[in-house]
Every structure is written in C-alpha cells, then in structure tokens.
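I'll drop the sequence and a predicted model, then ask my questions.
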Amino acid sequence: MKVVIVGGVAGGATAAARIRRLDESAEILVFERSGYVSYANCGLPYYIGGVITDPEELTLQTPESFFKRFRVNMKVHHEVTAIHPEQKTVTVKNLETGSVFEESYDKLLLSPGARPSRPDLPGTGLDRLFTLRTVEDTFRIHEYVNRNKPRSVVLSGGGFIGLELAENFRELGLEVTIVQRPRQLMNPFDPEMAAFIHAKMRRKGVRLMLGHSVEGFQEKDGAIQVLLKGEEPISADMAVLAIGVTPDTPLAREAGLELGLRGSILVNDRMETSIPDIYAVGDAVQVKHLVTGEDTLISLAGPANKQGRIAADNICGGDSRFHGSMGSSVIKLFDMTAASTGINERAAEKAGIDCDKVYLSPSSHAGYYPGGRAMTMKVLFEKQTFRLLGAQIVGYDGVDKRIDVLATAIQAGMSALKLKELDLAYAPPYSSAKDPVNMAGFMIENISRGLLKQFFWDETEEIPRDGSALLLDTRTKEEYEGGHLDGFVNIPVDELREHLHELERGKPVYVICQSGLRSYIACRILMQHGFDCRNFSGGYRLYQTVMLDQAAAEQALPCGKEL
C-alpha cells in the first residue's frame, strides 16, 4: 500500500507515524510545502517573545529524524498542485528546483491546514505587515524585531494568536494596540467573562480598540498606518494581521471534493471525503460540534491530532470514528489563565437551546493555605434536562484542571447535577475539600430543587426601584461604601436575622454580595422566613468588572483597574 500525505504538522505527521505503527510494509510519502514537517505551532509567539530561545525547540521532528524512526519519506519544499482522482495521482512541484512530477497513490490524505485570513484591503502586501502561521512567519517577525527594534505594534484581531503575540510583544517592551471589529476579545467567551480578560490586558499596558473596523494599511513617514473606518489612522512601527484562519482548500476544490462551511472539506466520521480513497483531517475539514450537533470549524491542535490517528486507522483497514469536537481551549495571558469548553450563551441561543447558568468565584485552593487566588467560573446547562452545555473560567492556578474536568463531564454526557458527586483529588495546595467543580454542582442542584433563584448582571437595570421590591446588599459596611448598586440597602449577612422585622413582607427581594456566596446564605435565611428572594449570580465583583470594562471600552483606555 502506498500512502501519499499532503501536509505535515499536527494531522499529517500524526497520521504518518500511526500508519507506520500499524503497517510496517506501507510506503508513506509526505509532501510539505514549507520547510518544516512537524513543529510546535502553538509555541510560535513564545519564540518571538524570547520565552523559547532555541529555534530548534520549535521543530518536533525533522525529515531526517522522521525517516530514521518511521521510514517515512518527508519531502519539504514540495507543493502538491493538483489531484487526479481518476488516475489516483498527484502533481507535485519541487519549490527549490522548480521541477514538476507525478506521484501515484493507493490512499491519499489531505492535511493542508488553514491559512491566515487576509481580507481584500489596501496595503496587505506591505513589508511592515505580518501574519503568523508557520515557522517561516515566526522567523520573519523575530528577525524584523531584532533588526529594526520597533517600539510599537498594532495587532488586527483579538483571538488566540493576537493575545499571545500581545503578551510577548509587551514583554519585549513594545507599545501594543489590539484593534478588531467585535466588541470583545476571545470569541469563545461571553462578554462578561471576556471583561476579565480585557481588564488584564489593559493592566498590562495593552491598548484595546474594540468595535473598530480596519479598512487598510499604508506606509507613511517610516511607519505603517492602520486605517480605521470613520476614525484617524493608528501609526506604528509594525502590524500583524491575526483575524483568524481560513481552510486552505483550493487543491480540494479543484479536485472536485465536496466542500462545506467557508470552503472546508466535507468528511464523514471516518475522515473520508466524497471521493473514494481520499481522506482529510485538521483545520481544513468541517466537523460536528459535540454539544449542538451542528456543522462547525474548529482549528485546534487536539482535534487535528485525533483526526490524523483516526484516518490512519481507517487507511490501514480499521474502523475508527471521529464523533466531533467542542473546542476545549486554554490560553495564558501574562500571569492569568482563561479557558473554555462547550458552547457559550450566544451559541446556545443561536442553536435554540434554552440554557441557564451559574457563576461562582472560588479560590484556586484551600483558603487557609497561602497563595490562593480567586477564579471566576461560568457553567452553562440546559433548563429542564440539566444537560451540561459549556463552561468558561478565568483565573490563575487551577483553571486548566477545572476546565478539563468539565470538558470530560460534557463529553461523557453527564448531567450538571452529577458534578456534585465527582470524586476529585484534594490537598490544601491544590484544591478545597469541596472542589470548585463540585461547588458548581451544588449550586445547580439548589436551582433544581427550588432552593435558589437568580438574577444576573445584565438584568440590573430592570430591577424595580420604585419601592415595590426590597434591594439588599449583604456585604460589610466597608465593602458597601467602596461601591454598590443604586437603590440597594446595606444589611451585612451576619446581622440579617436581627433586621428581619424591618423588612416588608410580600415584596420580592433582590440580594447581592461580593461573589454570590453571602447573598445566597441571606436568601436561604429570607426564604425560610417567607420572603420571595433572588440571588445576584456572580456578585458585585462580576458586575463591577463588566461596568469598568464598558467604561474603558468607550475611551479605548490603555490601563484598567485591578480588582
């Protein structure tokens, strides 16, 4: 059996190694148009920032090392320019010599990945404008920074690459501005959770210009100008386009393969395309979302590796299946960590799913052990069924652990009510006896039993302030005086029982504290004394973060307030 693989990195290189492990006699050829067949794509920004200092650390395998271990012929600087399914051949161009030749195959695997989106705007070919996708792109930016010593950079786009570059450029001392059309960074997060990300970036000196449209680029006075719709241009020493990626599928289109979203390659759960004996994996393929069941694109290394393995199994006569992905991800933002899994509220609404949510702000580990820091968690579940839908966490230590537990629970089809039963590891430096994931389960169980009613940050303007409702702030007097919602009266939770006789019965009660815990305790007291009570989910800490973010966004401020 002769297998030709188009493209290396996560999907192609994984498939090549797996095929060899399953079939020692197979002839395996990999054609990669760049100079690198297997590299740490996610580590590229950290080489630019000097965190990774040795360029060889970016290269996981070389053609020589891959051949030595797996007897796979890796041909770098070779581009497949056409596929001929009828003849079962591909046309290949040697990019170093210019020679063109035909190569036959029994099985063909496409792993072309995705290319940086480059909108049709003026100036996208300027020397001071970069994209980051390959090792060569990384070296180009690294060399430019070292040679020209730029003092400022504008990043167009606020996703993973944009934020990782922002951190690394700031660590190098550059002035950094992020510009993008959406009014928030990191699309997997809901706006109120993204507010914590915004606050961190501003505190680190990153200027955020959200809700601004880039209309082009031009060079002027030895700098690059980023042209904005209806506004003055931003001038900088360099700029990076990081607005996302597009499936790199012209080859598949010309070969007649069926395509899906944004030109992605349609595959079944065996990673087979519409043409027999042609498989496809990675960022170029359309997949099913595990939560919604809808078609989607998920450009992450984890799914690409899994797909490469599955395609290899099936190429070798097996029957492996890819059931979909839910985009679990994590990102380092200076000293902070943000992670998400499943779907957010916007996606749930778009999919027609009636969802509910809980917010909580637990410590990363036991409160009595030094060094614990608060994380903010949002867990989404379906009303009525309590099916887990997704989660978002922003914090410091332990964020990745909790998001992985929740991702596992979602993929296993667990009810949100079962989170309280998970038997998770505990020691004071790592967690609490009641892990934050367990705490989310306790809260959701309280909702299911009618022990907890909630209201949310985006409903505060709708709260009646005409005397028809009781508005209570159960924090300490000092916390209350440091800032509170209009109309809320301060009665600390520990003094609430002594003031019950002062509260007018028959009115709905809205209760807030700093994180939602003390106000929940207050609600339990009130409800058992006959009051109809609603707890502010997320507390004043969440509300203040969102309000500060909205105020800062109006001014595109370079700094934020530490919470």
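All right, it came through fine.

which stretches of the stretch 1-150 of the chain aren't confidently modelled?
Low-confidence segments of the stretch 1-150 of the chain (pLDDT under 70): 39-40.

pull out the buried positions in the helix or strand hosting Ala348.
Ala348 is part of helix 345-350, with elements assigned from DSSP states H and E. For helix 345-350, the neighbour count (16 or more other C-beta atoms under 10 Å) marks Glu345, Ala347, Ala348 as buried. C-beta here means a position set from N, CA and C on the backbone, and glycine is covered the same way.

so who does the last one touch?
Counting by C-beta atoms under 8 Å, 6 or more residues apart in numbering, Ala348 makes contact with Cys355, Leu380, Leu389, Gly390.

tell me the pLDDT at it?
Looking at Ala348, its pLDDT stands at 97.

before we move on, back to that, in helices, which of the contacts of Ala348 appear?
The helices, defined by DSSP state H, take in nothing from the contacts of Ala348.

which among the residues you listed gets closest to Gly367?
Leu380 (26.6 Å; C-beta to C-beta).

any idea what the closest one is bridged to?
Note on Leu380: beta-bridge partners by DSSP bridges are Lys357, Gly390.

how far away is it from Thr62?
Using C-beta to C-beta, to the nearest Å, we find Leu380 at a distance of 44 Å from Thr62.

same thing with Asp269?
From Asp269 to Thr62 the distance is 33 Å (C-beta to C-beta).

between these two, who's got more neighbours?
Thr62 (17 against 14; other C-beta atoms under 10 Å).

what residue, apart from its backbone neighbours, is nearest the more buried one spatially?
Val37 (7.3 Å; C-beta to C-beta, 6 or more residues apart in numbering).

what do you get for Asn446?
Nearest to Asn446 is Leu452, by C-beta to C-beta, 6+ apart, at 3.9 Å.

tell me which stretches of the chain form helices.
Under the criterion DSSP H, the chain carries helices at the ranges 9-22, 44-48, 63-70, 135-148, 160-171, 191-203, 250-255, 301-315, 345-350, 399-411, 436-448, 477-481, 517-527, 539-555.

for Thr460, find the nearest of those helices.
helix 539-555 (6.8 Å).

so where's the protein uncertain?
Across the chain, the ranges flagged by pLDDT under 70 are 39-40, 556-563.

just checking, the residue nearest to Asn446 touches Cys533?
No: judged on C-beta atoms under 8 Å, Leu452 makes no contact with Cys533 at a distance of 9.1 Å.

mutual contacts of these two, please.
By C-beta under 8 Å, 6+ apart, the residues touching both Leu452 and Cys533 are Cys523.

in contact with Arg170, which residues?
Arg170 sits next to Val176, Lys204, Gly205, Val206, Phe334 when contact means C-beta under 8 Å, 6+ apart.

now Val90
Here Val90 is in contact with Val4, Val6, Phe31, Val80, Ala82, Ile83, His84, Glu102, Glu103, Tyr105, Leu108 (C-beta under 8 Å, 6+ apart).

once you drop chain neighbours, what's closest to the residue most central in space within the chain?
Residue closest to the average C-alpha location in the chain (C-alpha atoms, centre = their mean): Ser329, at 4.7 Å. Sequence neighbours aside, Ser340 is the residue nearest to Ser329 in space, at 5.9 Å (criterion: C-beta to C-beta, 6+ apart).

please name the bridge partners of the one you found.
Ser329, Gln392.

that one contacts Met326, correct?
No: between Ser340 and Met326 there is no contact under C-beta under 8 Å: 9.5 Å.

overlap in contacts, the two.
Going by C-beta under 8 Å, 6+ apart, residues that sit against Ser340 and also against Met326 are Gly390.

so between those two, which is more surrounded?
Per other C-beta under 10 Å, whichever of Ser340 and Met326 has more neighbours is Ser340, with 27 against 23.

list the contacts for that one?
Pro188, Phe189, Gly327, Ser328, Ser329, Gly390, Ala391, Gln392, Ile393, Ile403.

so can I have TSV of the residues you listed showing distance to Leu22?
Listed next are these as TSV, based on distance: C-beta to C-beta, whole Å:
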residue	distance to Leu22
Pro188	35
Phe189	40
Gly327	29
Ser328	27
Ser329	30
Gly390	35
Ala391	36
Gln392	39
Ile393	38
Ile403	33
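
picking up where we left off before, and which of the contacts of Ala348 is nearest to Gly157?
Relative to Gly157, and with distances defined as C-beta to C-beta, the nearest of the contacts of Ala348 is Gly390, at 22.9 Å.

could you measure the closest one against His289, distance?
Distance of Gly390 to His289, computed by C-beta to C-beta: 11 Å.

repeat that for Gln61.
31 Å.

who does the spatially closest residue to Val245 that is not a sequence neighbour bridge with?
Spatial nearest neighbour of Val245, chain neighbours left out: Ala114 (3.7 Å); criterion: C-beta to C-beta, 6+ apart. Listed beta-bridge partners, Ala114: Pro247 (assigned using DSSP bridges).

OK, contacts around Ala114?
Arg133, Val245, Thr246, Pro247, Asp248, Gly282, Asp283, Ala284, Ser299 are the contacts of Ala114 under C-beta under 8 Å, 6+ apart.

list the contacts of the residue nearest to Thr62.
Gly8, Val9, Gly12, Ala13, Val30, Gln61, Thr62, Pro63, Phe66, Met74, Val76.
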